[in-house]
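>>> My questions concern the predicted model and sequence given below.
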Amino acid sequence: MYIQTPCMENKDLLNQYLRYNEYYGCEFTAANNILWSNFFKGEFTIIEDMLVFCKTKDGVIEKVTFPMGKGDKKRAFDAIEKYFEDNKLPFCMYLVEREMFALIDTWYPGKYKIEYHRDEADYLYEWETLAYLKGKKLHGKRNHINRFLENHPDYVYENIDGSNYEECIELTELWRDSGEVDETISYETEAVKYALQHKDILGLEGALIRVDGKVVAFTLGEPLKEDTYVVHFEKAYADIQGAYPMINREFVRRNLRGYKYINREEDMGVPGLRHAKTSYQPVRLVEKGTVSKVL
């Protein structure tokens, strides 16, 4: 079984399978896996002409994702199960969404169980919710945007391209240095820089906002599936009131028309992120869990 690390050289191979993605988890794009493979030690292989991401130890697969592609999902699943049996390893499938587990349980009723991990759940929003921020529950977001517009009526909105991505990198480095820097923040900074430098090759798009000629916010993402877009990165000056909700709203309004849903990824269990993402009124959480055999 040929195991590879996601990289630019195999991006087209990944997309060959990921274009058949039916699910909502933010992990199922080539760019996301390329950008984070070194941090999460992610790899992938092809089983029965289906793509699975995996984690290995000493060249042996210890856990895999649900098979993806246009092939036979059950046939690939059975091959995965046999691999674990042949290697005398416990069956372990991660990042499994509810729709995936429903299939597994249909194939083998009661044979497998799933444990969901709240910190890994993605926040899925309807396009209209983020574009218009209607209703009492989103009143605070509208207020922040109104303050931004009052204070910065001459703001400029631009798509990110070769002429301005360096300014977004500068903002990312300032964001990194604004607080305590840990391993995750250091890696994310490098991932954002790489994403900006290779935006077109990775299939990403983004936009920024300027105030008095200075970039104060930007965002970057990509299509996840036909009706869903995933926002990977969003940075802004926290001390500029409304900068975050403004770039969020304007990017959705101006660049993402035609999508039904926007995935803004997980909160990683960070209280501030959880509050912020919840406050935007998601239509659902994309719950993900680990599947094992019932003993």
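Everything's here; your move.
>>> any weak-confidence spans in the chain?
Filtered on pLDDT under 70, the chain yields no residues whatsoever.
>>> Tell me where it has helices.
Listed in chain order, the helices found in the chain under DSSP state H are 11-18, 30-40, 73-86, 98-107, 127-132, 139-151, 165-177, 183-197, 199-202, 243-255, 271-279.
>>> and the closest residue to residue 218 other than its chain neighbours, what are its bridge partners?
Closest residue in space to residue 218, ignoring its immediate chain neighbours: residue 208 at 3.9 Å, by C-beta to C-beta, 6 or more residues apart in numbering. Glycine gets a C-beta too; all of them are placed from N, C-alpha and C. Listed beta-bridge partners, residue 208: residue 158, residue 218 (assigned using DSSP bridges).
>>> so residue 208 sits right up against residue 158, yeah?
Yes - assessed by C-beta atoms under 8 Å, residue 208 is found in contact with residue 158 at 5.4 Å.
>>> Who has more neighbours out of these two?
residue 208 (26 against 15; other C-beta atoms under 10 Å).
>>> measure the more buried one to residue 170 for me?
In this structure, residue 208 lies at 11 Å from residue 170, with C-beta to C-beta, to the nearest Å as the measure.
>>> And residue 126, by the same measure?
For residue 126 relative to residue 170 (C-beta to C-beta), the value is 33 Å.
>>> Looking only at neighbour counts, state which of these two leads.
In terms of neighbours (other C-beta under 10 Å), residue 126 is the more surrounded of residue 126 and residue 170; the figures are 15 against 12.
>>> which residue sits closest to the more buried one in space, ignoring its chain neighbours?
The shortest distance from residue 126 to any non-neighbouring residue, by C-beta to C-beta, 6+ apart, is to residue 283 (5.0 Å).
>>> where's that neighbour relative to residue 24, distance?
Spatial separation of residue 283 from residue 24 under the definition C-beta to C-beta is 11 Å.
>>> Identify the contacts common to those two.
124, 261 (C-beta atoms under 8 Å, 6 or more residues apart in numbering).
>>> which one of these two has more residues nearby?
The residue with the greater number of neighbours, taking residue 283 and residue 24 and applying other C-beta under 10 Å, is residue 24; the counts read 23 against 14.
>>> Wait, the more buried one touches residue 226, no?
No - distance between residue 24 and residue 226: 11.9 Å, which falls outside the contact criterion (C-beta under 8 Å).
>>> Find residues that contact each of residue 208 and residue 170.
Shared contacts of residue 208 and residue 170, defined by C-beta under 8 Å, 6+ apart, comprise residue 215.
>>> Distance check, the closest residue to residue 189 other than its chain neighbours against residue 160.
Spatial nearest neighbour of residue 189, excluding adjacent residues (C-beta to C-beta, 6+ apart): residue 176 at 4.4 Å. Using C-beta to C-beta, residue 176 is found at 19 Å from residue 160.
>>> okay, these two: which has more neighbours?
Legend: neighbour count by other C-beta under 10 Å for residue 176 and residue 160, higher for residue 160 (20 against 16).
>>> circling back to that earlier point, can you tell me which of the helices of the chain is most buried?
Of all these, helix 243-255 has the most neighbours on average by mean count of other C-beta atoms under 10 Å, namely a mean of 21.
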